[in-house]
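Asks: sequence and predicted structure are below.
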Amino acid sequence: MTDISINIPLCSGCKTCTEVCPYFILKMDESAEKPTVDPLKIANCCHCGHCEAVCPEGAITVNYPGSGLVHGITKNNPITPAQIGQHLMMRRSIRDYTVELVPEETLRQILEIIRYAPTGMNGQPVHWLVMRDPAEIHHLAGTIIEWGRDVVKNQPGHPLASILPMIIEAWDHGADPVCHSAPCIVIAHGQKDNPNAFIDSVIAMTHFDLVAPSFDLGTCWAGFVQIAADASPEVFQALHLPEGHRSQYAMLVGYPKFRFRRIPKRDALKVTWR
């Protein structure tokens, strides 16, 4: 059950909360010139917290079961366009890692940040699987290789059929071209019947991708892992996800073996203005 409480003595009656509420749960009591909660609409609350976050006086509190910790705001100057631009353009897909394990606390800090990634109707459907056991990661890669062998043998028209022989050959010679010997794999998963789960997971994973470098970590979107998890029951079972869940996307994580020092070229901007 959601509880929205308003500290009336603190409230200035500015009406900001009633304007930002997406489901019209807050309305003005014209006689008191203060906001009030509509009891018939509170069940529609999506827990976005806009009313609490926007109130100039801090007069509103939103509570609901399962809500996590609220982080304070550091009173630093905002990131400049140049700073965020350079950060985004310097981001690279990392496929070569040191053997150093990624501490659980570091991953937890990243996940605490990215749980604020936007989701449809603030449904927050994204769950996380974090794999840090080298043996389990190697087993997952091997299971994907076996799926690849079957594809090459029985599905010559598969989109990856021309690439998989090279992947398999590298594996047979002792390399790991699937998980790239990453010390950590992070998998976003959610209810398979939730229509928002996939895009919400990709948004959250993008946040992970962009936050990780600030912790000196490198990442790589693990397309082979995700494709195989969708196609192979054996690969899916190796993830041991909760009943009714599916893997939405996977990402390799670790400390980069090499340092990228420059921004590479990309295609010129493709845009239509109207």
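Replies: Received, thanks. These figures come from a predicted structure and were not determined experimentally.

Asks: what distance do you get for I8 to F208?
Replies: According to CB to CB, to the nearest Å, I8 stands 41 Å off from F208. Placement of C-beta: from N, CA and C, glycine included.

Asks: what about those two, which has more around it?
Replies: F208 (22 against 13; other CB atoms under 10 Å).

Asks: in terms of pLDDT, where does the nearest residue to that one once chain neighbours are set aside sit?
Replies: Closest residue to F208 apart from its sequence neighbours, by CB to CB, 6 or more residues apart in numbering: I114 at 5.2 Å. Reported pLDDT at I114 in the predicted model: 97.

Asks: OK, contacts around I114?
Replies: By CB atoms under 8 Å, 6 or more residues apart in numbering, the contact set of I114 is 204, 207-208, 211.

Asks: tell me how far it lies from Y255.
Replies: From I114 to Y255 the distance is 19 Å (CB to CB).

Asks: and H139, by the same measure?
Replies: 22 Å.

Asks: the more surrounded of those two?
Replies: Using other CB under 10 Å, the more surrounded residue of H139 and Y255 is Y255, with 18 against 13.

Asks: surely that one touches V102?
Replies: Yes: Y255 lies in contact with V102 (CB atoms under 8 Å); the separation is 7.1 Å.

Asks: which residues are in contact with both of these two?
Replies: Here Y255 and V102 share the contacting residues 183, 217, scored by CB under 8 Å, 6+ apart.

Asks: any low-confidence regions in the stretch 1-150 of the chain?
Replies: Low-confidence segments of the stretch 1-150 of the chain (pLDDT under 70): none present.

Asks: all strands for it, in order.
Replies: 3-6, 26-29, 34-37, 60-63, 127-131 (DSSP state E, counting those that start in this stretch).

Asks: would you mind getting the angle between the longest strand seen in the chain and strand 127-131?
Replies: What stands out as the longest strand in the chain, according to DSSP state E, is strand 245-254. Here the directions of strand 245-254 and strand 127-131 differ by 50 degrees (axes from the mean of the first three to the mean of the last three CA atoms, to 10 degrees).

Asks: would you check how far apart the residue lying closest to V99 once chain neighbours are set aside and K192 are?
Replies: In space, and not counting its chain neighbours, V99 is closest to P183: 7.1 Å by CB to CB, 6+ apart. To K192, P183 is 29 Å away according to CB to CB.
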